[in-house]
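Asks: Everything below, folded, please.
(one chain, ligands or ions: 2)
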Amino acid sequence: MNVFEVTGGNRLKGEIIPQGAKNEALQVICAVLLTPEEVTIKNIPDILDVNLLIELLAEMNVEVNRVDRSTCVFKAKDVDIDYLHSEAFRKKSGRLRGSVMLAGAMLARYKKAFIPKPGGDQIGRRRLDTHVIGFEKFGIDINHNQEDGFFHLSARELKGSYMLLDEPSVTGTANIVMAATMAKGTTTIYNAACEPYLQQLCKMLNRMGARISGIGSNLLVIEGVEYLSGTEHTILPDMIEIGSFIGLAAMTQSDILIKNVSVPDLGVIPNRFEQLGIQLEITGDDIHVPTQESYTIQKYFDGGVLTIYDHPWPGFTPDLLSIVLVTAIQAHGSVLIHQKMFESRLFFVDKLIEMGAQIILCDPHRAVVIGLGREQNLRGITMSSPDIRAGVALLIAALSAEGKSTIQNIEQIDRGYQHIDTRLQALGADIRRSQK
Ligand SMILES: CC(=O)N[C@H]1[C@@H](OP(=O)(O)OP(=O)(O)OC[C@H]2O[C@@H](n3ccc(=O)[nH]c3=O)[C@H](O)[C@@H]2O)O[C@H](CO)[C@@H](O)[C@@H]1O
Ligand SMILES: C=C(OP(=O)(O)O)C(=O)O
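Replies: Residues are numbered from 1 along each chain as shown. Ligands and ions are numbered 1, 2, ... in the order given. Purely as a prediction, here's the structure:
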């Protein structure tokens, strides 16, 4: 088992370039199945989840030419549909959430798909209702086979229709959009998710010949076409990694320049960190977080305690709440963190409390952080990373703490953060990967 051994207290300094976005990569890589032609994808993050998805495609007989670690050319000429019903597929796809989006592309092109129980973070119930209800609207037959645990999906043809989604599910919307690209007639998706990940997917599909309008809104109209062709696509910088670096810089009193962040695609992310009192200097497409001896959490105009909560885009992403929470530990003032979407994502605060943080876990969805204002340091401890974002939140806590910490189960962090140890070492962090 790999662990991170971290000695906290170093102030970091330097430049860092964010990796390509994990959740966009998972969508656009699934979309290569929509065409027999070559699709070149650039700025692919070299992380566990994405590498697993690329392996899955290769095992489906997609030609995969990894030109270098960040660029890959895919050609899905003859896809092995039977592989999607194999034990090997069930096992591997069960290790990541993104594999669920292979279904939309397979349905568009082959009218057939299999969905095993998807993996991903164990952060609460992660239902697939939006995907299933959406697929049914195209006239797709869906059977859940109790014996093999797969959803079996098939149709003679996909018929475009109007659908008001159960909820603006990110992977659900991506799946339905991909299915609609080659359905007969027009599909209208209301209450669609509209994260930059989806905007990027839709723009890529339009370059391939799809006819999608309403991109960036929650009302997408898709006119089905007969055929999609190859394209080239560049993945945006990972907004969750950018937010993580902002939190890291503030907690460790560091001076970090985050390069090429694609500011217009960050939505309210910078504002939420500014609400914690963190000073951000945005110049061109870079964010500079200068060393700050202290930061003070803002209050509402009426003097009320600030709440930071998640909401579908353009609201604040749930994937950064664990980072905001850990960053608040050394602020002056208090903040209520309300994780509305997932019910098991805040339990990691017990480790932070053990390190000396003042946090009240009110219930599974809400935690109050009472900032220490740097009156005392956190203490290093041994802890285990429960999910990607809590893992990085614990890493940030460890880097800011006094003494040594050991973080176990770092495969969770490797699922979403590219070579995080070596990249942080380059900024001066004392972090070692070792086998225990
Ligand atoms: C591979 C991938 O892209 N994963 C992301 C994707 O997961 P994923 O697409 O699986 O998440 P969904 O958008 O489907 O929903 C996530 C959770 O939020 C709940 N929900 C969703 C919408 C809503 O308005 N209200 C609500 O309560 C859902 O019931 C579910 O429990 O989107 C999540 C929500 O941004 C992110 O955390 C994940 O990182
Ligand atoms: C929850 C996340 O990922 P996944 O949906 O892949 O589990 C995440 O990226 O924070």
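Asks: Dihedrals phi and psi, the nearest residue in space to Pro18 that is not next to it in sequence?
Replies: The shortest distance from Pro18 to any non-neighbouring residue, by CB to CB, 6 or more residues apart in numbering, is to Pro237 (4.0 Å). Glycine gets a C-beta too; all of them are placed from N, C-alpha and C. Backbone geometry at Pro237, expressed as degrees, to the nearest 10, gives phi -60, psi 150.
Asks: ok, the closest residue to Met251 other than its chain neighbours - how many residues close by?
Replies: Of all residues not flanking Met251 in the chain, Ser400 sits nearest, at 4.3 Å (CB to CB, 6+ apart). If you count neighbours by other CB atoms under 10 Å, Ser400 ends up with 28.
Asks: per-residue confidence at Ser400?
Replies: Here the pLDDT value assigned to Ser400 is 98.
Asks: Do I have it right that it meets Asn10?
Replies: No - contact between Ser400 and Asn10 fails when scored by CB atoms under 8 Å: they sit 9.5 Å apart.
Asks: which neighbours do the two share?
Replies: By CB atoms under 8 Å, 6 or more residues apart in numbering, Ser400 and Asn10 have these common neighbours: Thr252.
Asks: Can I take it that Val177 is in a strand?
Replies: No - according to DSSP: H, G, I helix; E, B strand; the rest coil, the state of Val177 is helix, so it is not within a strand.
Asks: Any idea how many residues pack against it?
Replies: By other CB under 10 Å, the residues close to Val177 number 28.
Asks: for the one 5 residues further on, same thing?
Replies: Neighbour count of Met182, defined by other CB under 10 Å: 24.
Asks: Number of residues surrounding the closest residue to it other than its chain neighbours?
Replies: Spatial nearest neighbour of Met182, chain neighbours left out: Ala108 (4.3 Å); criterion: CB to CB, 6+ apart. Look at Ala108: counted by other CB under 10 Å, it has 26 neighbours.
Asks: Give me the distance from the host helix or strand of Ala108 to the chain's centre.
Replies: Here Ala108, judged by DSSP states H and E, is contained in helix 102-110. Relative to its chain's centre, helix 102-110 lies at 22 Å (CA atoms, centre = their mean, to the nearest Å).
Asks: likewise stretch 51-61?
Replies: 19 Å.
Asks: Check what contacts it and list those residues.
Replies: By CB under 8 Å, 6+ apart, stretch 51-61 touches 25-26, 29-30, 32-33, 64, 66, 72, 74, 76, 78-80, 83-84, 88-89, 92-93, 95-96, 98-99, 102.
Asks: That stretch and ligand 1 in contact?
Replies: No - with CB under 6 Å from any ligand atom as the criterion, ligand 1 is not reached by stretch 51-61; the gap is at least 9.9 Å.
Asks: now check that stretch, is it near ligand 2?
Replies: No - Stretch 51-61 stays out of contact with ligand 2 when judged by CB under 6 Å from any ligand atom, the minimum separation being 10.4 Å.
Asks: mind listing what's buried in that stretch?
Replies: 51-54, 56-57, 59-60 (16 or more other CB atoms under 10 Å).
Asks: Now that stretch: average pLDDT?
Replies: Stretch 51-61 comes out with an average pLDDT of 96.
Asks: Distance of Leu34 relative to ligand 2?
Replies: Leu34 is 21 Å from ligand 2, where distance means CB to the nearest ligand atom, to the nearest Å.
Asks: Which residue is it, in the stretch 201-350 of the chain, that comes closest to ligand 2?
Replies: Using CB to the nearest ligand atom, the single residue of the stretch 201-350 of the chain nearest to ligand 2 is Asp319, 3.8 Å away.
Asks: got the residues of the stretch 301-436 of the chain near ligand 1?
Replies: So far as CB under 6 Å from any ligand atom goes, the stretch 301-436 of the chain lies against ligand 1 at 312, 317-319, 341-342.
Asks: want to throw those into a markdown table with neighbour count?
Replies: A markdown table is the format used below for these (neighbours: other CB atoms under 10 Å):
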| residue | neighbour count |
| --- | --- |
| Pro312 | 20 |
| Thr317 | 23 |
| Pro318 | 19 |
| Asp319 | 24 |
| Met341 | 18 |
| Phe342 | 20 |
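Asks: any idea which of the residues you listed is the one closest to ligand 1?
Replies: When these are ranked by distance to ligand 1 (CB to the nearest ligand atom), Met341 comes first, at 3.3 Å.
Asks: Quick check: residues of the stretch 251-400 of the chain near ligand 2?
Replies: Where the stretch 251-400 of the chain comes near ligand 2, counting by CB under 6 Å from any ligand atom, the residues are 319, 388-389.
Asks: Cross these against helices and list the overlap.
Replies: 388-389 (DSSP state H).
Asks: where does the chain dip in pLDDT?
Replies: 118-121, 123 (pLDDT under 70).
Asks: would you list every one of the helices in it?
Replies: Counting by DSSP H, the helices of the chain are 22-30, 48-59, 87-93, 102-110, 129-137, 170-181, 196-207, 239-251, 269-275, 321-328, 349-354, 388-400, 411-414, 420-425.
Asks: can I get those in CSV with distance to Pro290?
Replies: Output for the helices of the chain, formatted as CSV (distance: least, CB to CB, whole Å):
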stretch, distance to Pro290
helix 22-30, 28
helix 48-59, 32
helix 87-93, 44
helix 102-110, 44
helix 129-137, 42
helix 170-181, 33
helix 196-207, 26
helix 239-251, 9
helix 269-275, 13
helix 321-328, 15
helix 349-354, 25
helix 388-400, 17
helix 411-414, 26
helix 420-425, 18
